[in-house]
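>>> Predicted coordinates and the sequence they were generated for:
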Amino acid sequence: MPRFILRASALALAIAAQARASPPVSSAQVLDAIRVFEANASGSLTSAKPADEANAAVARASNTILRYSLESDSVVVDMGNDSVPWCDLKKGISDLPHSGERGLLLAAYLAGSVKAQLQSGKQDPNPYPGWVAMLRVYRAVKMREGVTIPEVDSLLGRQMDGTLESYAAAAVQRSTDSLRRAYGPGGAPRQIETASSQP
């Protein structure tokens, strides 16, 4: 699979904000997009589909998956540094090495997380299903193109030694603790102090 598919995926992620003006993505639409993404993102060497067609399919599917994960109340996806260590979403991924591949892996992570939550019928920010989906795509990209991303290799090592699931549970806890420190405990809104509220 040519590197274009990775750049197309990154482009789809970058333009997702512009697509917010269109109607919301339904659960059925995102599940269709996830099927298309899974069928094309790993770039099977025996695929009968032309590369340009597969690239366009991945870009469209990535855009739909990203929109749904951001807009839907049916799912909650942890996008913090503990869950997506290969992407610094505050700074962006365009300046990182292998930015196109990192964008593709982000779309795979979102696809896995969204699919697992829709199948179970309940929200769950645990990154484990997303990591499993992402690592499947990473292995294909690594074999085909020789791309190495250290943060993902670390997760791959945990998968190989059987500690990925427990590491995911710890990542959720770290993320939750971080949110509580930043926003206060759940259920009790944090008092916002203004000049007029001071004695």
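Alright, I've got the coordinates. Numbers count the residues shown, from 1 in each chain.
>>> Glu151 against Asp82, yeah?
No. Between Glu151 and Asp82 there is no contact under CB atoms under 8 Å: 11.0 Å. (C-beta placed from N, C-alpha, C; glycine too.)
>>> By mean pLDDT, point me to the weakest helix or strand of the chain.
Within the chain, no helix or strand scores below helix 4-14, which has a mean of 46 by mean pLDDT, DSSP states H and E.
>>> of Glu151 and Asp82, who's got more company?
Ranked by neighbour count (other CB atoms under 10 Å), Glu151 and Asp82 place Asp82 first, with 19 against 15.
>>> measure that one to Thr176 for me?
Distance from Asp82 to Thr176, counting by CB to CB, to the nearest Å: 10 Å.
>>> likewise Ala57?
Using CB to CB, we find Ala57 at a distance of 36 Å from Thr176.
>>> Same check on Leu105?
Plainly put, Leu105 is 23 Å away from Thr176 if you go by CB to CB.
>>> Tell me which of these two has more neighbours.
Taking other CB under 10 Å, Leu105 and Thr176 do not tie; Leu105 has more neighbours (30 against 15).
>>> Now that one: closest residue in space that isn't a chain neighbour?
In space, and not counting its chain neighbours, Leu105 is closest to Met134: 5.0 Å by CB to CB, 6 or more residues apart in numbering.
>>> in which helix or strand would I find the one you found?
Using DSSP states H and E, Met134 sits within helix 128-145.
>>> All set, thanks.
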